[in-house]
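Q: okay, here's the prediction I keep looking at, along with the sequence it came from:
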Amino acid sequence: MAGRRETEEAAQFVEEAEAAPAGPRISLEELLPDLPVGAPSPAQNTRSRLPSLCSARLVSLEGRRAIITWRGNTDPVEAELAPEVEEELLLLALRNRDGVLVEIGDEDRPVIVGVLQTRIPREMHIAANKVSIDAAEELVLRAGRAALRLREDGDVELVGSRISAASRGLFRLVGRILRLN
């Protein structure tokens, strides 16, 4: 019953609105102040422009300054390195001819913020003070017909066509059972 009454009230409101005399029509442009087309609003003037990211090719590197060329353009442009980017990483990117990720901020000065990997490397070089590789079940290192397998139960298997071991000091083999041939 209440739903029917609400429907009747809505219909009566629509009839009254249609019967009311129409006032003068004002366009939206007349309500807005005169602003030139494309002018930023005052709120936009206070905010700085968001930085954009582009890809580039690294041409040369000298200290914390680099020369890059934008993708599809051969004109050299000077760029800075972001403080968190290490020079050694960029030297490696220069040697491998990898792309770099460049940020352009408020001052329109390009800043290199990273290296782009666009292909699977043919050679991998890892150099660090400490390298850890953790595998929950099994770790296999393989090169051609040689392999080293470490399993979670403690089994270690070394396979190769010729295996040599040398020690500058004590060479110790310890096990409950040693079997030769």
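A: Here it is on my side, so go on. Numbers count the residues shown, from 1 in each chain.

Q: so for the helix or strand hosting residue 61, what gets flagged as buried?
A: In this structure, residue 61 sits in strand 52-62 according to DSSP states H and E. By neighbour count, with 16 or more other Cβ atoms under 10 Å as the criterion, the buried positions of strand 52-62 are 56-58, 61. (Each C-beta comes from the backbone N, C-alpha and C, glycine too.)

Q: dump those residues into CSV; add distance to residue 156 and pLDDT as well.
A: As requested, the buried residues of strand 52-62 are exported to CSV (distance: Cβ to Cβ, whole Å; pLDDT from 0 to 100):
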residue, distance to residue 156, pLDDT
56, 47, 93
57, 45, 92
58, 43, 92
61, 43, 91
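
Q: would TSV of the residues you listed with distance to residue 150 be doable?
A: Supplementary listing: the buried residues of strand 52-62 in TSV, determined by distance: Cβ to Cβ, whole Å:
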residue	distance to residue 150
56	42
57	41
58	38
61	39
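
Q: between those residues, which sits nearest residue 160?
A: For those, the minimum distance to residue 160 (Cβ to Cβ) is 40.1 Å, reached by residue 58.

Q: the closest one and residue 91 touch, don't they?
A: No: with contact taken as Cβ atoms under 8 Å, residue 58 and residue 91 are classed as non-touching, separated by 9.4 Å.

Q: so the spatially closest residue to residue 141 that is not a sequence neighbour, which of the three states?
A: Across the structure, with Cβ to Cβ, 6 or more residues apart in numbering as the measure, the residue nearest residue 141 apart from its sequence neighbours is residue 148 (4.5 Å). State at residue 148, reduced to three classes by DSSP: H, G, I helix; E, B strand; the rest coil: strand.

Q: what's opposite residue 148 in the beta bridge?
A: Assessed by DSSP bridges, residue 148 has beta-bridge partners residue 141, residue 158.
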